[in-house]
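Novice: With the sequence up front, the predicted model follows.
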Amino acid sequence: MNKKLILTLTLLSFSALSLFAFSFTPFVETEQGTIGLLHHTFQNGAAGDEFDFIKQGGQNNLYPFSRYTVGARIEDKHRLWFTYQPLQLDTAVNFKSNNVKIGDKTFEGPMELTYSFPFYRATYTYDLLGKYEEAYLGVGLALQIRNASIQFREVDGEDSFISQNVGLVPALAIYSEYRFPFGLTLSADIAGSYANLAYINGADYAFEGSILDASLRMDYAIEDGFSLFANARFFGGTADGESDNDASNWTESTEAYTKNNIASLTFSTGLAWQMQ
């Protein structure tokens, strides 16, 4: 997997450098806000319990959210950008019901849970409305690197469940915006995929998976290329199937079957800069 990641990043870098030979307008964005879970369940092992992270795992609070983007408009029609979104949800909860089974482990009492799912994504879109200077409707592709870690740890004991993995996830991408003459810009951004075939699903084995990342955003230009924006975003994904476990890897679950469904809403504000 490491070789695949290195090769993919190298190809993306060379593609970006070749595009930079043309005229381009770079931009940088940062946003901060809050994330709330709408639905989040996890099951490991066919005989394991379907664990509800919201009702049973303490994820019924709001959590900090952040997102960082750097990219460029190239020859007006092309848009290439790289996004990093950290996500780590740490909770502490007392399992009221004994014998909660996760994988081949059974837990009870005070627990510390970690759900970490940061990602890195490269996205490219091509404008289909080139003759309209104030509007952009781009379609293209995205390639996401997921970096998942799920942990259940007993506070009073020594037992724990740990499942970690890295994978590549390709997706379709749509980006649209409309710029008003008085400084207001409205935009929408969608990246999504569904696959149950090896490699297309982000793994080298057959596994059903999907992602959907969709946002509505409002920017207002201030001065010197800076703008303030507010963003509402839905982010979610599903995974269902049996993995090819590596018994020598201590951070992989011993049970092959995993089901993980998550859906969330984020609200954030941010600052963007684009070269004039």
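Specialist: Looks like it arrived, so ask away.
Novice: Need the per-residue pLDDT for residue 243.
Specialist: Looking at residue 243, its pLDDT stands at 70.
Novice: nope, residue 253 is what I was after
Specialist: Reading off the model, residue 253 has pLDDT 64.
Novice: tell me the helices in the stretch 101-250 of the chain, going along the chain?
Specialist: Assigned helices in the stretch 101-250 of the chain: none (criterion: DSSP state H, counting those that start in this stretch).
Novice: Please enumerate the strands of it.
Specialist: 105-116, 119-127, 135-154, 160-179, 184-195, 208-221, 226-242 (DSSP state E, counting those that start in this stretch).
Novice: Is it possible to get JSON lines of those that adds distance to residue 72 and mean neighbour count?
Specialist: Every C-beta, even on glycine, is put in place using the N, C-alpha and C of the backbone. Shown next, in JSON lines, are those (distance: least, CB to CB, whole Å; neighbours: other CB atoms under 10 Å):
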{"stretch": "strand 105-116", "distance to residue 72": "30", "mean neighbour count": "17"}
{"stretch": "strand 119-127", "distance to residue 72": "11", "mean neighbour count": "20"}
{"stretch": "strand 135-154", "distance to residue 72": "13", "mean neighbour count": "18"}
{"stretch": "strand 160-179", "distance to residue 72": "13", "mean neighbour count": "18"}
{"stretch": "strand 184-195", "distance to residue 72": "16", "mean neighbour count": "17"}
{"stretch": "strand 208-221", "distance to residue 72": "17", "mean neighbour count": "18"}
{"stretch": "strand 226-242", "distance to residue 72": "16", "mean neighbour count": "17"}
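Novice: how about those in a markdown table, adding distance to residue 28?
Specialist: Shown next, in a markdown table, are these (distance: least, CB to CB, whole Å):
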| stretch | distance to residue 28 |
| --- | --- |
| strand 105-116 | 25 |
| strand 119-127 | 15 |
| strand 135-154 | 18 |
| strand 160-179 | 16 |
| strand 184-195 | 16 |
| strand 208-221 | 14 |
| strand 226-242 | 10 |
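Novice: Please name the residues that touch residue 133.
Specialist: Contact analysis of residue 133 by CB atoms under 8 Å, 6 or more residues apart in numbering lists nothing.
Novice: Swap in 10 Å and give it another go.
Specialist: For residue 133, the contacting residues are 76, 179, by CB atoms under 10 Å, 6 or more residues apart in numbering.
Novice: And the nearest residue to residue 165 once chain neighbours are set aside, how close does it get to residue 108?
Specialist: Once flanking residues are discounted, residue 165 sits nearest to residue 148: 5.6 Å by CB to CB, 6 or more residues apart in numbering. Distance, residue 148 to residue 108, by CB to CB, to the nearest Å: 25 Å.
Novice: just to revisit the earlier point, which one, of the strands of the stretch 101-250 of the chain, ends up nearest to residue 65?
Specialist: Residue 65 sits nearest to strand 226-242 of all the strands of the stretch 101-250 of the chain, at 8.6 Å, using CB to CB.
Novice: quick one: strands adjacent to that closest one?
Specialist: Counting by DSSP bridges, the strands paired with strand 226-242 are strand 208-221 (antiparallel), strand 257-274 (antiparallel).
Novice: tilt between it and strand 119-127?
Specialist: Computed by axes from the mean of the first three to the mean of the last three CA atoms, to 10 degrees, the angle separating strand 226-242 from strand 119-127 equals 110 degrees.
Novice: still on that earlier bit, quick one: closest of the strands of the stretch 101-250 of the chain to residue 42.
Specialist: Comparing those by CB to CB, strand 135-154 comes nearest, at 6.6 Å.
Novice: Need the mean per-residue confidence for the closest one.
Specialist: For strand 135-154, the per-residue pLDDT averages 94.
Novice: pLDDT weak spots in the protein?
Specialist: 1-22, 98, 197-206, 244-254 (pLDDT under 70).
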